[in-house]
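Colleague: dropping the sequence and predicted coords here.
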There are 2 protein chains.
Amino acid sequence: MGYIALVAAVRKRPAAGAAVLREDVTTAIRQAVTQELAAVGYGRLSIEGVARRAGVGKTAVYRRWSSKLEMVLEIVSEVASQSLPLLDTGSLRGDIEMVLHVVSRALRHRLASQIIPDLLAEAARNPKIGHTLQEALRANQRQASELLIGRAVARGELPAGTDPDTAVDLIIGPIYWRLAVARTPLPQGYVSELATSVAAALGAPISQSSFPNERTSGSSR
Amino acid sequence: MGYIALVAAVRKRPAAGAAVLREDVTTAIRQAVTQELAAVGYGRLSIEGVARRAGVGKTAVYRRWSSKLEMVLEIVSEVASQSLPLLDTGSLRGDIEMVLHVVSRALRHRLASQIIPDLLAEAARNPKIGHTLQEALRANQRQASELLIGRAVARGELPAGTDPDTAVDLIIGPIYWRLAVARTPLPQGYVSELATSVAAALGAPISQSSFPNERTSGSSR
DNA sequence: GAGCGATGGAACGCTACCGTATCGACGCCA
DNA sequence: TGGCGTCGATACGGTAGCGTTCCATCGCTC
């Protein structure tokens, strides 16, 4: 079924035979899955519920995916693996603000802001989900972070040793907390100010500790 | 039943009559709830599962709470509403590092790191849970933030207008993202460095509009 | 010492889903 | 044009949890 679903997703028809999975049914199911995920979460999501919401028979679902896990993984990983563009704005602060805008727009969408935390929580207890999200999101993220930081280093805005993982924490953490966890509305100018703060945070690691503190021993690069 | 549960929770005995809710049974149920929450999440948590895990009859559970929602709310809000001490370390950076240590220790506990994101995700779709967590966590948080920032302002480390909510985002966001979302292990010295970065972030908000981009490297202290 | 009432256990009828099977209808492909 | 295979529908037996009820037991309070 992984095969069949793939074929449908890619919008090609099977080479031989006839009578083909209908594209519109597949689309309806996909939509229903995302809506059900937002409404009841992964834990409570049921095949019957999805079929009901999509207005199709259970058969149509089982013909495409063999289990709820497989179905959800295929659908969300497709959405999650899109990479963001990452234009070069000319400054670290500008780059960060751009990323924050993109992320905040995404997290303000009702479906996304319910589905993402739910799946991340589920990932903590289901290794397969964890692995898939890891692949889809983290790799992407790290790549983006390295690009963004590489630029800043080239510009002389950051020291060469800056850790991309920590940078992701500093950039994504606050906006994610605000929108997906605390769910507090953003005041005017919030993203812009946050960008400034985060840029300052990245620009001033280690530098000021007057104590004999340990340094980051791990993660080279 | 709220009454009976309350009585048991407060560890007082009913004034009249006899034959009382057993404290050890109540404790066993509480433990089972937290374990079930971590294992399967709120969405899949079932009364039967809790009773099974606690080694008690369903009856014992229903005698204390009338529904899974009420049960979970009572149990988690009790745990969540404890406030952290917040010693004055003498500097903003020190205060932040202390908070980060406390938070990171809490989030590294297996149960907490699974239950908290799960409940927060659930809160996004269940108003009662959202409200309870809001009460238990956010109020506490804001108070702590105001205290911490008030001190820094008094020391002259921060300008007077600093927004406590944004401060929470900057302080909690990165460590929460790291531990509860990305679930990446912390390298040596991470918390200390993060504290420095966050202090720098807090020290340089808004400045972007008025001042020509000061880089906070040697500013504080 | 008496009895109230909580205890675990078992069973109740009920609902929701599971995953599978079978049906006639019909559209697409060879 | 023929037939393959998907379509929605419906039904299947099975599992799980719901919330309630009844039970004999036994510890605590008076």
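Modeller: Yep, that arrived. Residues are numbered from 1 along each chain as shown, chains lettered A, B, ... in the order given.
Colleague: hey, let's count contacts and neighbours off CA atoms from now on
Modeller: OK.
Colleague: is DNA strand D contacted by the host helix or strand of A:Val25?
Modeller: Counting by DSSP states H and E, the element that carries A:Val25 is helix A:23-44. Yes: using CA under 7 Å from any atom of the strand, helix A:23-44 reaches DNA strand D at A:Val25, A:Thr26.
Colleague: quick one: contacts of whichever helix or strand comes after that helix?
Modeller: Moving toward the C-terminus from helix A:23-44, the next helix or strand (DSSP H and E) is helix A:47-54. Contact partners of helix A:47-54, identified using CA atoms under 8 Å, 6 or more residues apart in numbering or on different chains, comprise A:Ala28, A:Ile29, A:Gln31, A:Ala32, A:Val33, A:Glu36, A:Gly57, A:Lys58, A:Ala60, A:Val61, A:Lys68.
Colleague: so helix A:47-54 versus helix A:23-44, what angle?
Modeller: Counting by axes from the mean of the first three to the mean of the last three CA atoms, to 10 degrees, helix A:47-54 lies at 130 degrees to helix A:23-44.
Colleague: quick check: buried residues in stretch A:189-200?
Modeller: A:Val191, A:Ser192, A:Glu193, A:Leu194, A:Ala195, A:Thr196, A:Ser197, A:Val198, A:Ala199, A:Ala200 (16 or more other CA atoms under 10 Å in any protein chain shown).
Colleague: and those residues near chain B, which?
Modeller: Checking those against chain B by CA under 8 Å from any CA of the partner chain, the ones in range are A:Glu193, A:Leu194, A:Thr196, A:Ser197, A:Val198, A:Ala199, A:Ala200.
Colleague: what are the ranges of the helices in chain A?
Modeller: Taking DSSP state H as the criterion, chain A carries its helices at A:2-10, A:23-44, A:47-54, A:58-62, A:68-80, A:92-108, A:110-123, A:127-133, A:139-155, A:164-176, A:190-203.
Colleague: could I get the ones you listed as a markdown table with mean pLDDT?
Modeller: Shown next, in a markdown table, are those (pLDDT from 0 to 100):
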| stretch | mean pLDDT |
| --- | --- |
| helix A:2-10 | 36 |
| helix A:23-44 | 94 |
| helix A:47-54 | 96 |
| helix A:58-62 | 95 |
| helix A:68-80 | 91 |
| helix A:92-108 | 94 |
| helix A:110-123 | 94 |
| helix A:127-133 | 92 |
| helix A:139-155 | 90 |
| helix A:164-176 | 96 |
| helix A:190-203 | 95 |
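Colleague: just these: most buried one?
Modeller: helix A:190-203 (a mean of 25; mean count of other CA atoms under 10 Å in any protein chain shown).
Colleague: so which elements touch it?
Modeller: Helix A:190-203 sits against helix A:92-108, helix A:164-176, helix B:190-203, helix B:207-210, with contacts defined as 3 or more CA pairs under 8 Å, 6 or more residues apart in numbering or on different chains; DSSP states H and E.
Colleague: got the contact list for A:Ala121?
Modeller: B:Gln114, B:Pro117, B:Asp118, B:Ala121, B:Val181.
Colleague: tell me the contacts of the third one?
Modeller: Think B:Asp118. A:Pro117, A:Asp118, A:Ala121, A:Glu122, B:Gly41, B:Tyr42.
Colleague: which of those lies closest to DNA strand D?
Modeller: Among those, B:Tyr42 lies closest to DNA strand D (CA to the nearest atom of the strand), at 10.3 Å.
Colleague: give me the pLDDT for A:Leu86.
Modeller: Per-residue confidence (pLDDT) for A:Leu86: 80.
Colleague: and it, its phi and psi?
Modeller: phi 70, psi 60 (degrees, to the nearest 10).
Colleague: count the residues that sit near it.
Modeller: Other residues near A:Leu86 number 15, with proximity taken as other CA atoms under 10 Å in any protein chain shown.
Colleague: how about A:His101: what's its closest non-neighbour residue?
Modeller: Using CA to CA, 6 or more residues apart in numbering or on different chains and skipping the chain neighbours, the partner closest in space to A:His101 is A:Val191 (6.8 Å).
Colleague: nope, A:Ile29 is what I was after
Modeller: A:Ile29 sits nearest to A:Ala54 (CA to CA, 6+ apart), 5.3 Å away.
Colleague: how far away is the one you found from DNA strand C?
Modeller: 13 Å (CA to the nearest atom of the strand, to the nearest Å).
Colleague: A:Val40 too?
Modeller: Applying CA to the nearest atom of the strand to A:Val40 and DNA strand C gives a distance of 10 Å.
Colleague: who touches that residue in this structure?
Modeller: So A:Val40 contacts B:Gly43, B:Arg125 (CA under 8 Å, 6+ apart).
Colleague: the residue nearest to A:Ala144 when sequence neighbours are not counted: what's it in contact with?
Modeller: Nearest residue to A:Ala144, sequence neighbours excluded (CA to CA, 6+ apart): A:Leu86, at 7.4 Å. The contact partners of A:Leu86, taken as CA under 8 Å, 6+ apart, are A:Asp95, A:Met98, A:Val99, A:Ala144, A:Leu148.
Colleague: put together JSON lines for those residues, with distance to A:Ile129 on each row.
Modeller: As requested, those are exported to JSON lines (distance: CA to CA, whole Å):
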{"residue": "A:Asp95", "distance to A:Ile129": "30"}
{"residue": "A:Met98", "distance to A:Ile129": "29"}
{"residue": "A:Val99", "distance to A:Ile129": "25"}
{"residue": "A:Ala144", "distance to A:Ile129": "22"}
{"residue": "A:Leu148", "distance to A:Ile129": "28"}
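Colleague: DNA strand C next: which of these are close?
Modeller: Okay, of the contacts of A:Leu86, nothing touches DNA strand C (CA under 7 Å from any atom of the strand).
Colleague: near DNA strand D, which residues of chain A show up?
Modeller: Neighbours of DNA strand D within chain A, by CA under 7 Å from any atom of the strand: A:17-22, A:25-26, A:55-61, A:63.
Colleague: among the residues you listed, which two are most distant?
Modeller: Within those, two members stand farthest from each other by CA to CA: A:Gly17 and A:Gly55, at 26.9 Å.
Colleague: more neighbours: which of those two?
Modeller: A:Gly55 (13 against 7).
Colleague: and the more buried one, how far from A:Val40?
Modeller: Distance, A:Gly55 to A:Val40, using CA to CA, to the nearest Å: 18 Å.
Colleague: likewise A:Pro117?
Modeller: Taken as CA to CA, the span from A:Pro117 to A:Val40 is 13 Å.
Colleague: outline the domain layout of chain A.
Modeller: With domains defined by automatic domain parsing, chain A comprises A:2-79, A:81-203.
Colleague: any chance of the ones you listed in JSON lines, plus distance to B:Glu74?
Modeller: Below are the domains of chain A laid out as JSON lines (distance: least, CA to CA, whole Å):
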{"stretch": "domain A:2-79", "distance to B:Glu74": "22"}
{"stretch": "domain A:81-203", "distance to B:Glu74": "20"}
